[in-house]
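Enquirer: Sequence first, then the predicted structure, then my questions.
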Amino acid sequence: MIHPTAIVDPSARLADDVEVGPFSVIGADVEIGEGCRIGPHVVVNGPTRLGRRNRIFQFASVGEACQDKKYAGEPTRLEMGDDNVVREGVTLHRGTVQDRGETTIGSRNLFMAYSHVGHDCVIGDDCILANQATLGGHVTLGNFAILGGLAAIHQFCHVGEHAMCGGGSIVTKDIPAYLMVNGNPGEAHGLNLVGLKRRGFSREAIKALSEAYRIVYRQGLTVEQALENLHERYGEMPEVAVFIASLEASTRGIIR
């Protein structure tokens, strides 16, 4: 299953059914799980662990040392879950000792061509990064977050669950859960209603989230005042609780 032109370091641990294409390089301290398919001209450097059934397309670079000038060769990591698709030219970098020491990627994510994940990022499950979407270091993406092509997320920003960021957007503040964001600088344009309906959110939940959005974005309240209102009215509803938690977790301020 390993092409004769591929180079695999003796310390790498590959499951028996892993495929490695022509001219690919698997470095030291790399672990690749069952069912993974590594295409041609791929580089995977360690310490890196890939779960099961991940597919890495040609010219991708996974687990390479980060571009942070403070990085001095420390043994940081990249951890990836299962069933991810990493398309052509994608770059996924390891962490830094100044932060978590690890870049963490969940499962079932799609990284379209030439997208980039910087050091110490945390990506949940079922996210999509369209072509050339870019994450600076220390970025967090919640589950089901979607970034359009050429979108750029500033270092340390958080993108909440089920949020969608339009193509070409420049994001320098946190995006609360469920929001639709677009522009340079990025601005809120309502809820990601299409995404919520596709994922089976009930009418009751969508109605409550719509009202929660209006409280934060349409009533002229401070975030603190809006949060007090939301806790009183919707704090027991799980879907709104996720929205509230994303507001409370913000460290850079939320997009308004």
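Expert: Yes, it's here.
Enquirer: What helix or strand is Asn229 located in?
Expert: Element membership of Asn229, judged by DSSP states H and E, is helix 223-234.
Enquirer: and that helix, how far out from the chain's middle?
Expert: The chain centre lies 28 Å from the centre of helix 223-234; the measure is C-alpha atoms, centre = their mean, to the nearest Å.
Enquirer: CA atoms only for it - export them in PDB, please.
Expert: Taking C-alpha atoms only, helix 223-234 is exported to PDB below (Å, rounded to 0.1, in the frame of the first residue of the first chain):
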ATOM      1  CA  VAL A 223     -23.300  42.800  25.800                       C
ATOM      2  CA  GLU A 224     -23.700  42.600  29.600                       C
ATOM      3  CA  GLN A 225     -27.200  43.900  29.500                       C
ATOM      4  CA  ALA A 226     -28.100  41.600  26.700                       C
ATOM      5  CA  LEU A 227     -26.700  38.600  28.500                       C
ATOM      6  CA  GLU A 228     -28.700  39.400  31.600                       C
ATOM      7  CA  ASN A 229     -31.900  39.600  29.500                       C
ATOM      8  CA  LEU A 230     -31.000  36.300  27.700                       C
ATOM      9  CA  HIS A 231     -30.400  34.400  30.900                       C
ATOM     10  CA  GLU A 232     -33.700  35.500  32.300                       C
ATOM     11  CA  ARG A 233     -35.700  34.600  29.200                       C
ATOM     12  CA  TYR A 234     -34.000  31.700  27.500                       C
END
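Enquirer: What residues sit buried inside it?
Expert: Ala226, Leu227, Leu230, Tyr234 (16 or more other C-beta atoms under 10 Å). All C-beta spots, glycine's among them, are computed from the backbone N, C-alpha and C.
Enquirer: what do you get for stretch 66-76?
Expert: Applying 16+ other C-beta under 10 Å to stretch 66-76 flags Cys66, Asp68, Tyr71, Thr76 as buried.
Enquirer: average model confidence for stretch 42-58?
Expert: Summarised as a single mean, pLDDT over stretch 42-58 is 98.
Enquirer: Now Ile206. Nearest residue, chain neighbours left out?
Expert: Leu196 (5.7 Å; C-beta to C-beta, 6 or more residues apart in numbering).
Enquirer: what's the neighbour count on the one you found?
Expert: Using other C-beta atoms under 10 Å, Leu196 has 19 neighbouring residues.
Enquirer: pretty sure it contacts Met180?
Expert: No. Applying C-beta atoms under 8 Å, one finds Leu196 not in contact with Met180, separated by 10.3 Å.
Enquirer: circling back to that earlier point, list the helices and strands the helix holding Asn229 packs on?
Expert: helix 203-217, helix 238-248 (3 or more C-beta pairs under 8 Å, 6 or more residues apart in numbering; DSSP states H and E).
Enquirer: could you measure Ile105 against Val139, distance?
Expert: 12 Å (C-beta to C-beta, to the nearest Å).
Enquirer: same thing with Asn184?
Expert: Going from Asn184 to Val139 by C-beta to C-beta gives 17 Å.
Enquirer: one step back: could you dump the buried residues of helix 223-234 to CSV with distance to Arg256 and pLDDT?
Expert: Formatted as CSV, the buried residues of helix 223-234 follow (distance: C-beta to C-beta, whole Å; pLDDT from 0 to 100):
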residue, distance to Arg256, pLDDT
Ala226, 11, 97
Leu227, 14, 96
Leu230, 16, 96
Tyr234, 20, 90
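Enquirer: Now distance to Ala241 too, for those residues, in CSV please.
Expert: Below are those laid out as CSV (distance: C-beta to C-beta, whole Å):
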residue, distance to Ala241
Ala226, 15
Leu227, 12
Leu230, 9
Tyr234, 8
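Enquirer: any low-confidence regions in the stretch 101-250 of the chain?
Expert: For the stretch 101-250 of the chain, no stretch has pLDDT under 70.
Enquirer: For it, just list every one of the strands.
Expert: For the stretch 101-250 of the chain, applying DSSP state E, counting those that start in this stretch gives strands covering 102-105, 110-111, 116-117, 122-123, 128-129, 134-135, 140-141, 146-147, 152-153, 158-159, 164-165, 170-171, 179-182, 187-191.
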